[in-house]
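Student: Give me the fold of what follows.
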Amino acid sequence: MPSNLSSRETTLMIAALGLAALALWGPFTPQPAGYHDFADRRVLLELPFAADVLSSLAFAAAGLAGLRMLAALPPRTITNMQRAMAVLFFAGLLLAAAASAWYHWDPDDAALAVHRTAAATACAGLLGFAVATHVSERAAAATGLALLVLGPLAVRAWSTTGNLLPWTTLQAGGMALLVWLGLLRRRFGAPDVRWAAVILALVTAKLLEMADHDVYHLTDGLVAGHALQHFVAAAAAWPVVAALAALRPRRERRLFATLTRVSSHPLGDA
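Tutor: Below is the predicted model of the structure:
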């Protein structure tokens, strides 16, 4: 172990090695049967699986909002690495929106592989940003680059062998690391992200995905769990956007708060 690593960097490295070992040598885990059997199959204007396709746009909205907020930040408001990881996260959300819509248009394993690869890009940016704000710049660079490589490799492992374990390890391990990072004191001057809200949104989204048919029956066919999962998962980006907004000059922060209140007013949906 290099002697110049901080305690947080050392912990992160050990955790990463443990997750890699689990992904490589853990038990074979097949994808659940009927994975593409979504509950809501309604067609809108010849658009199949319309609710799942259109709800994918929530990722695009979050990604565009984040990139817009980053562009408005004055220079040196955040570090270069924090900005790079945030760009990767928000750009990954745009990729995830396109890939998700394409997958749900005609669900199959090939389209799912593209969808998961795009999602891994957003995951790399989010986790890299969390590391940049709580551990160090070099650890963030290593985390982001590693996930950009390991994400597609995990997807390829599933595509070629049927073993979903590397992908589930990436997802669950990333969530566990976010929980740990959220408990740490952030670095001086770093954006104050409400990581508990991010984690709650991601966990809720996963539960909704698993309860796709149950939610559809519970709401008497009004909405399925998978469409709600898209909205809730995209909502995980908004605490990051809000933390960046808090770093803007006071006048612009007031405008952002006003727009947020207006968009959340009941009349805003009329």
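Student: which phi and psi does L200 have?
Tutor: When read as degrees, to the nearest 10, the backbone of L200 gives phi -60, psi -40.
Student: And P30, by the same measure?
Tutor: phi -80, psi 160.
Student: Ok, F49 next?
Tutor: According to degrees, to the nearest 10, F49 has phi 50, psi 50.
Student: ok, now A33?
Tutor: phi -60, psi 140.
Student: what do you get for N163?
Tutor: phi -90, psi 110.
Student: So it sits against P30, correct?
Tutor: Yes: counting by CB atoms under 8 Å, N163 touches P30, with 7.4 Å between them. For every residue, glycine as well, the C-beta is placed using N, CA and C.
Student: Give me the more crowded residue out of those two.
Tutor: A count of neighbours by other CB atoms under 10 Å puts N163 above the other of N163 and P30, at 19 against 12.
Student: Quickly find the element holding Y35.
Tutor: Per DSSP states H and E, Y35 falls between elements, in no helix or strand.
Student: give the contact list for Q31.
Tutor: W158, G162, L164 (CB atoms under 8 Å, 6 or more residues apart in numbering).
Student: Would you confirm that the first one contacts P166?
Tutor: Yes: because the distance of 6.9 Å satisfies CB under 8 Å, W158 is recorded as touching P166.
Student: mind listing the helices for the stretch 101-250 of the chain?
Tutor: 109-134, 137-161, 165-183, 195-210, 212-218, 225-235, 238-245, 250-264 (DSSP state H, counting those that start in this stretch).
Student: which one of those lies closest to M13?
Tutor: M13 lies closest to helix 137-161 among the helices of the stretch 101-250 of the chain, at 8.3 Å (CB to CB).
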